[in-house]
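Enquirer: need the 3D shape of this:
(2 chains)
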Amino acid sequence: MNAAKAYEEFGNEKGSFPGLAAVKTLIKFIVEDKCMASVAPIKCVFNIFSNFTATTLSEFFKNLNAIEEELKNYEPLMQVDSYMAIFKLFVTLHLSEYDVCTFHILSFLFHSSCFSFQRQMEKAKEVLKMRGNLFLDQAINCKAKTAKIGQPFISDGSEILVNSWSSIVFETLLEAKNKNKRFTVYVTESHDSRGKKMWNQLRHQNIDCTSISDSAIGYYMEKVDVVLSGAEGVVENGGIINTIGTYPLALCAKAMNKPFYVLVESFKFTRFYPLNQRDIPDRFKFKKGTAQRPVIDYTPPALITLLLTNLGALTTAAVSDVLMQLYL
Amino acid sequence: MSAVETNATQTQPKTKEQLKAERRAQFEAQRAQQLNDKSTEKSKPMTKSERRALQEAQRAAKKEKTLSEANAVKPLSSKSMPTEKSDIKQDCKKEISDNSINDAKSNTPLVDAKSRSALENKQSKKLKIFPHIPSREENINICLRSPDVNRIHPLVIQVGLRMNKALITESTPRCVAMLTAFKSLIKDYETPPQKELSRDLKEVLDKCKEFLDKCRPLSISMCNAMKMLKMHLTKITPQVSDKQAKENLISAINEFIHQEIELALDAMSDYVLEKINSEDVILTFGSSHSVRHILKKALDSGKKFRVIVVDSRPKPHAEDMLQFLVKNNVQVTYVLINAAAYVMKEVTKVLLGAHSILANGYVMAKLGSSQIALVAQAYNVPVLVCCEGYKFSEKVLTDSFVYNEAEPDMFESRCFNEISNNKMDSLSIKMNSKLNILNLIYDVTPPDFVSMVVTEKGIIPCNSVPAVIRRNVTKFQ
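Expert: Numbering: from 1, shown residues only, chains lettered A, B, ... in the order given. Take a look at the predicted model:
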């Protein structure tokens, strides 16, 4: 991701359109804080909407949607979708109720609709800010929580196969290392040399690791104890969408009866349900300009042993339950 | 009647025939005695249906007798057989047994006992396998003769009879028909003096339910609609005036039909629309109201796809679907279920309707659906099951024998008649005495074979059905 270049590109443009500002801030966040790529969209949305000058709620939502659109266009990742959806849900959960109640109370108190309306908008904004902050805290914290929940699955002396770069897997391994566990890690190279990044980072932390090519997973699978993977998104049936190469890895693990654990924050659960690889929307599948070379694939739930999330270790079937609670 | 057999007995030496008849007569007499003993032992008054059945059997026996007499008078020629065949079949196809002519000829006084044993045979045949599986009452007059029938609204009776004669089929139309009948029932209902509306109306509805259940065992959708109605009924306090109460109930029914059925169908179609691409080859099985609705919407949106309609025997159900598709200028292939594996190679999506989805994620659908799903799974084709939320059931089944419905009139169906006109006739009669026929209506498909379930709440995996049911329960209580 050549974010710095993009930042320059966008930084030079001028405009009051909130979506543009969003992209700018997003890139800024990504440049500043590399580990927090998944939280970056939320952070920037929050940053922007706390500065909103919207005077009505509908205007507010219009702006929010515009930002969302722009972000989705710029960063066509599953997680942006899921984060935005949950964020909107979470932030605005009590808004409608708040809206009606306070409006009536305030207008009754002040007998002036104009005055009360302004007051109410301010109140609503406050609520939004508060809930936005809460959400951000949770989003940032849940990575550490997930890493903690992943600990029992890394036993001392084990050999671990890791799929490409994933910040959450990295953190989990780091935490295990800090607990004085000894283990060996094999990292698949994956496309875009994302695996190299993982390898570098692990080596930097003095963790014993080997970089292997993707075609070698069959060779290494018989000697590893556990396979760990991150995910860009968790779909409704508990399957995951992740960098290309995850599906064959999971298939191979299944064939050799090795546990395949997916480390993922519950914020990445989305109400999206692909039938097969073909059914994944093109905007996720293909990077801009590189048509016909998919960068992600879909791994069906049957191949996943457990999802290790901040809510605990979940079976794939539990995902839809969590989603139902969230959205219905 | 079997020409082969009568001819055979004629050519056989007389002594043997007589011996056989004698032995039979003895056996029948014993049987009859046993039967009488039993009935005296019990000394229980016969129920109405039993008496009625007996009467019918006797009548049938009489017919047999006259027929056999006619046979005895006329020389048995192969030419005269066909007309008699059809006569017999129409008149007493159930009671007739293979050797009745012989019996009648040799031993007329035993006809009564014989017919009674035939009756018992018939009952035991039903009882032998899966007695718990209900099937519709073949003789609707029995239902109509119950003492409570005057409390049942004529429209409900009409709906019941139509369901019995398979004029209203499929889960959704049946549910709507029932609710519409209940609407007029409630409209015309007047609380008897010194009675409470909510209690009395509940009784009436229970009677209607019983009647409809006899006409044809209620579908799960109808049971759920009933539950909804009763829930609204219990909400009515004695303080509410009758007029208001009736209005509330009718509006509740209207709302149910609108929200849970009509809007749900629309929502489902929208979800499936996202999954249907142009140049898809869609396979459907039988004819489902919701699948038709969904395909219609997909066609209206301008998507071009091919459809393969799979049908099964003994009753061809997919005719509606076929007609609908042909009318809409869709390229259709029509195959029987035997060819499912053959056509599955070219299929990109399987779209199935469902009778119900159970709490363990199993899908209850028309018999044969699980076979289709299995084949689809083997060929890696995604299976979409369309089912409205109100059809979900909190039952848990893992096979089709615990809870099901049997179709009684397998022999009346067209396919069977086609065969029986040629060479199956003797076989079909043999079937009556030797074979037990189990013609189930539903089967259950394990969730492993179902890729996704389309409901009005979105496209969900099978295993999140319990979550939806839980929500439904909280909504309806």
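
Enquirer: near chain A, which residues of chain B?
Expert: With Cβ under 8 Å from any Cβ of the partner chain as the criterion, chain B meets chain A at residues B:275, B:349, B:382, B:384, B:451-452, B:457-461, B:463-464, B:467-468, B:471. C-beta here means a position set from N, CA and C on the backbone, and glycine is covered the same way.

Enquirer: which of those are buried, as a PyMOL select command?
Expert: This is how PyMOL selects the buried members of those, with burial counted by 16 or more other Cβ atoms under 10 Å in any protein chain shown:
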select buried, chain B and resi 275+349+382+384+451+452+457+458+459+460+461+463+464+467+468+471
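
Enquirer: list the contacts for B:Asp213?
Expert: Each residue near B:Asp213 by Cβ atoms under 8 Å, 6 or more residues apart in numbering or on different chains is listed here: B:Pro134.

Enquirer: for the host helix or strand of it, list every residue counted as buried.
Expert: Taking DSSP states H and E as the definition, one finds B:Asp213 inside helix B:197-215. Buried residues in helix B:197-215, defined by neighbour count with 16+ other Cβ under 10 Å: B:197-198, B:200-202, B:204-205, B:207-209, B:211-215.

Enquirer: now the residue of chain B found nearest chain A: closest residue in space that isn't a chain neighbour?
Expert: With Cβ to the nearest Cβ as the measure, the residue in chain B that lies nearest chain A is B:Ser464; the distance is 3.2 Å. Taking Cβ to Cβ, 6 or more residues apart in numbering or on different chains, and ignoring the residues beside it in sequence, B:Ser464 has A:Ser320 as its nearest neighbour in space, at 3.2 Å.

Enquirer: check contacts around that neighbour.
Expert: Contacts of A:Ser320 (Cβ under 8 Å, 6+ apart): A:236-238, B:460-461, B:463-464, B:467.

Enquirer: save those as TSV, and put in secondary structure too.
Expert: Putting these into TSV (DSSP: H, G, I helix; E, B strand; the rest coil) gives the following:
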residue	secondary structure
A:Glu236	coil
A:Asn237	coil
A:Gly238	coil
B:Ile460	strand
B:Pro461	coil
B:Asn463	helix
B:Ser464	helix
B:Ala467	helix
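
Enquirer: and which of those residues is nearest to B:Lys243?
Expert: Each of the contacts of A:Ser320 was checked against B:Lys243 using Cβ to Cβ; the closest is B:Ala467, at 39.7 Å.

Enquirer: mind listing the helices for the stretch 151-300 of chain B?
Expert: If DSSP state H, counting those that start in this stretch is used as the criterion, the helices of the stretch 151-300 of chain B fall at B:154-164, B:171-188, B:197-215, B:220-235, B:242-255, B:264-275, B:289-300.

Enquirer: got CSV for those, with mean pLDDT too?
Expert: Listed next are the helices of the stretch 151-300 of chain B as CSV, based on pLDDT from 0 to 100:
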stretch, mean pLDDT
helix B:154-164, 90
helix B:171-188, 93
helix B:197-215, 89
helix B:220-235, 91
helix B:242-255, 92
helix B:264-275, 92
helix B:289-300, 92
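
Enquirer: could these go into CSV alongside distance to A:Lys196?
Expert: Formatted as CSV, the helices of the stretch 151-300 of chain B follow (distance: least, Cβ to Cβ, whole Å):
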stretch, distance to A:Lys196
helix B:154-164, 68
helix B:171-188, 57
helix B:197-215, 69
helix B:220-235, 56
helix B:242-255, 60
helix B:264-275, 38
helix B:289-300, 46
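
Enquirer: farthest-separated two in the residues of chain B next to chain A?
Expert: For these, the farthest-apart pair by Cβ to Cβ is B:Lys349 and B:Arg471; their separation is 27.7 Å.

Enquirer: which residues does the residue of chain B closest to chain A contact?
Expert: A:236, A:317, A:320-321, A:323-324.

Enquirer: mind checking pLDDT for it?
Expert: If you check B:Ser464, the pLDDT there is 85.

Enquirer: hey, where'd the strands end up in chain A?
Expert: Taking DSSP state E as the criterion, chain A contains strands spanning A:158-162, A:183-188, A:208-212, A:226-229, A:233-234, A:240-243, A:260-263, A:296-299, A:306-309, A:312-314.

Enquirer: tell me the domain ranges of chain B?
Expert: Following automatic domain parsing, one finds the domains of chain B at B:3-128, B:140-263, B:277-405+B:440-476.

Enquirer: next, the distance between the ends of stretch B:329-339.
Expert: Taking Cα to Cα, to the nearest Å, the first and last residues of stretch B:329-339 lie 23 Å apart.

Enquirer: oh, that last question was meant for stretch B:277-291, not what I typed.
Expert: The first residue of stretch B:277-291 is 16 Å away from its last residue (Cα to Cα).

Enquirer: sec struct for B:Val444, please.
Expert: strand.

Enquirer: so what's the residue count around it?
Expert: Applying other Cβ atoms under 10 Å in any protein chain shown, we find 24 other residues in the vicinity of B:Val444.

Enquirer: for the residue lying closest to it once chain neighbours are set aside, what are its contacts?
Expert: Computed as Cβ to Cβ, 6+ apart, the closest residue to B:Val444 that is not its neighbour in sequence is B:Tyr362, at 4.6 Å. The neighbourhood of B:Tyr362, defined by Cβ under 8 Å, 6+ apart, consists of B:396-398, B:444-447, B:462.

Enquirer: repeat for B:Asn224
Expert: The neighbourhood of B:Asn224, defined by Cβ under 8 Å, 6+ apart, consists of B:390-393.

Enquirer: quick one: B:Ala373 and B:Leu384 touch, right?
Expert: No - in this structure, B:Ala373 sits apart from B:Leu384 without contact. The criterion is Cβ atoms under 8 Å, and the distance is 10.4 Å.

Enquirer: now the residue of the stretch 51-200 of chain A found nearest chain B, nearest residue through space, not along the chain?
Expert: Among all residues of the stretch 51-200 of chain A, A:Ala85 sits closest to chain B, at 12.9 Å; criterion: Cβ to the nearest Cβ. Spatially, and ignoring its direct neighbours in sequence, A:Ala85 is nearest to A:Thr270 (6.8 Å; Cβ to Cβ, 6+ apart).
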